[in-house]
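Undergrad: Build the 3D model from these lines:
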Amino acid sequence: MQPIEEVSQDTMAFVVEPGGALSGRLRVPGDKSISHRAVILGALAEGVTRITGFLEGEDTLATLRAFRDLGVSIEGPEGGRVEIHGVGMQGLQAPEEPLYLGNSGTSARLLAGLFAGQSFDVILRGDESLSRRPMRRVCDPLARMGAFIETTAQGTPPLHIHGRQPLYGIEYAMPMASAQVKSSLLLAGLYASGRTCVIEPAPTRDHTERMLAGFGYPVEREGAKVCIQGGGSLYGTVVEIPADISSAAFFMVGAAIGKGSDILLEHVGINPTRTGIVDILRRMGADIEIKETGVVGGEPVAAIRVRASRLHGINIPEDLVPLAIDEFPALFVAAACAEGETVLAGAGELRVKESDRIQVMADGLQALGISAQPTADGIIIQGGKLQGGEVHSHGDHRCAMAFAMTSLVAKGPIIIRDCANVATSFPGFLELACGAGLVIRSRE
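TA: Numbering: from 1, shown residues only. As a prediction, the model looks like this:
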């Protein structure tokens with residue numbers, strides 16, 4: 001391996017020294033999924049919406065900036081506080097230029113549904129990574145509602161959304177479990193005539209449904225089917241956003257694998273559609289305690305204590321996959337440190353995230369001395385002893401942070417390439433990780 005002092009590269013890298021343990025009380029940033037939705041619904045509401053705990057990451061700031069470009073007055077963010085002066089369901093104004101969404105697939109998919117019902121055209125574009133993300137999964141069902149959306153020949157952004165199209169409610173059985181597709185159709189359903197229903201093949205995060213209800217919009221849930229009636233109104237409210245369990249996941253895994261670790265993650269959202277990470281780690285033998293439970297803004301929250309544990313490999317149940325879809329990079333690190341074999345299947349969605357997360361994590365773990373065999377829709381990982389080395393996150397924030405946790409058990413220093421996008425979901429990651437006990441720094 002190249003000596004750590006001689007590292008040079010064109011983009012930001014993390015350099016992590018081996019050893020250490022995690023300890024203390026930690027508060028990770030606000031939930032990214034909820035932050036996006038709070039801005040969207042606050043902009044469409046009548047009256048003022050006040051948000052606390054807003055994630056000031058690049059993805060959520062892209063959503064906020066888009067609504068400013070649509071004529072919505074927004075104060076903040078400052079210290080996680082945002083005040084939105086809603087314009088009502090028909091009050092958005094045509095933007096003067098295409099809306100740039102950076103790396104945010106959530107913004108692109110949710111806003112595609114919302115803008116399908118507007119009276120003006122919108123073009124959504126993003127960075128190189130977003131420009132590779134599949135969009136037909138939302139554009140095709142939106143077309144069934146009457147929307148007219150153009151993509152590239154490959155079905156990727158930029159998206160040209162033609163307004164002035166009458167929308168009609170449909171009943172749509174999703175071929176794959178996707179909260180983004182569900183949410184996009186529900187947002188389009190706000191502007192559709194009749195009833196819009198989405199049937200899920202497996203439970204996905206339900207923040208959109210909870211938040212619609214919080215803004216005064218009726219939502220019906222009938223088993224796996226969620227429905228709304230078009231033509232209603234939203235009303236400004238107060239939204240308190242809990243800490244993001246997807247960001248907490250890295251520290252949960254780090255504490256589970258790091259000898260002598262003991263942390264308490266404060267005020268974490270534990271929505272039952274998001275707690276697959278807890279269930280899977282417990283099945284692997286992790287010592288996890290849920291305490292200080294409560295409810296904030298319709299979302300369950302708790303403190304999560306995690307102590308160092310002896311992990312063992314498992315076959316991950318497929319019904320838990322949608323409940324942990326964003327946490328698998330961290331879980332792959334747990335599997336690499338566990339005794340025996342861990343098998344994941346039914347997770348093909350991981351191949352079309354910000355990167356091909358199955359391949360990126362497999363390549364990185366192999367570079368660190370772990371047997372990691374990708375499959376079409378999953379991975380097989382043999383637990384072992386992690387070495388030092390150099391890995392590449394391919395611009396994927398979650399892969400970069402997952403690799404950082406391997407240093408707690410690695411035999412040598414680890415260099416993680418292309419880490420600038422960590423700011424999309426977890427501004428302040430380095431500072432929090434250092435304070436918790438990780439020996440990590442960035443190199444430009």
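Undergrad: Not counting stretch 120-130 itself, show me its contacts.
TA: 92-95, 98-105, 107-108, 111-112, 115, 131, 133, 157-164, 354-355, 395, 421 (CB atoms under 8 Å, 6 or more residues apart in numbering). Using the backbone N, CA and C atoms, a C-beta is placed for each residue, glycine as well.
Undergrad: Looking at those residues, which are in strands?
TA: 99-100, 159-162 (DSSP state E).
Undergrad: for these, which one is nearest Phe328?
TA: For these, the minimum distance to Phe328 (CB to CB) is 26.9 Å, reached by Leu159.
Undergrad: tell me the pLDDT at that closest one?
TA: Here, the pLDDT recorded for Leu159 equals 98.
Undergrad: tell me the contacts of it?
TA: Leu159 touches 108, 112, 123-125, 135, 139, 149-151, counting by CB under 8 Å, 6+ apart.
Undergrad: I'd like to know how many residues surround Val360.
TA: By other CB atoms under 10 Å, the residues close to Val360 number 28.
Undergrad: Low-confidence ranges, the protein, go.
TA: Within the chain, the ranges that satisfy pLDDT under 70 run 1-10.
Undergrad: at 80 what do you get?
TA: 1-11, 444 (pLDDT under 80).
Undergrad: that older thread, pull out the buried residues from the contacts of Leu159.
TA: Restricting the contacts of Leu159 to buried positions leaves 108, 112, 123-125, 135, 139, 149, 151, with burial counted as 16 or more other CB atoms under 10 Å.
Undergrad: that older thread, Produce a ChimeraX select command limited to the buried residues of the contacts of stretch 120-130.
TA: This is the ChimeraX syntax for the buried subset of the contacts of stretch 120-130, where burial follows 16+ other CB under 10 Å:
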select :92,95,99,100,101,102,103,104,105,107,108,111,112,115,133,157,158,159,161,163,354,355,395,421
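Undergrad: gap between Arg305 and Ile415?
TA: 31 Å (CB to CB, to the nearest Å).
Undergrad: and if you look at Val16?
TA: 8 Å.
Undergrad: What of Gly113?
TA: In terms of CB to CB, Gly113 sits 40 Å off from Ile415.
Undergrad: In terms of neighbours, single out the busier of these two.
TA: Gly113 (31 against 20).
Undergrad: That one and Gly155, how far apart?
TA: On the measure of CB to CB, Gly113 and Gly155 end up 16 Å apart.
Undergrad: so Thr273, which of the three states?
TA: Here Thr273 is recorded as coil under DSSP: H, G, I helix; E, B strand; the rest coil.
Undergrad: Excluding sequence neighbours, find me the nearest residue to it.
TA: Arg205 (4.4 Å; CB to CB, 6 or more residues apart in numbering).
Undergrad: so how far is Ala179 from that neighbour?
TA: 4 Å.
Undergrad: Which neighbours do those two have in common?
TA: Contacts common to Arg205 and Ala179, judged by CB under 8 Å, 6+ apart, are 33, 273.
Undergrad: backbone phi and psi for Gly47, please?
TA: phi 100, psi -170 (degrees, to the nearest 10).
Undergrad: gap between the closest residue to it other than its chain neighbours and Leu187?
TA: Distances taken as CB to CB, 6+ apart put Gly236 closest to Gly47, at 3.2 Å, once the chain neighbours are dropped. Distance of Gly236 to Leu187, computed by CB to CB: 17 Å.
Undergrad: higher neighbour count, the two?
TA: A count of neighbours by other CB under 10 Å puts Leu187 above the other of Gly236 and Leu187, at 27 against 20.
Undergrad: List the contacts of the more buried one.
TA: Neighbours of Leu187 in contact, by CB under 8 Å, 6+ apart: 40, 110, 113-114, 117, 208.
Undergrad: That one should be in a helix, yeah?
TA: Yes. Applying three-state DSSP, one finds Leu187 inside a helix.
Undergrad: what's the next secondary structure element after the one helix or strand Val181 maps to?
TA: According to DSSP states H and E, Val181 maps onto helix 179-189. Using DSSP H and E, the next helix or strand after helix 179-189 towards the C-terminus is strand 195-199.
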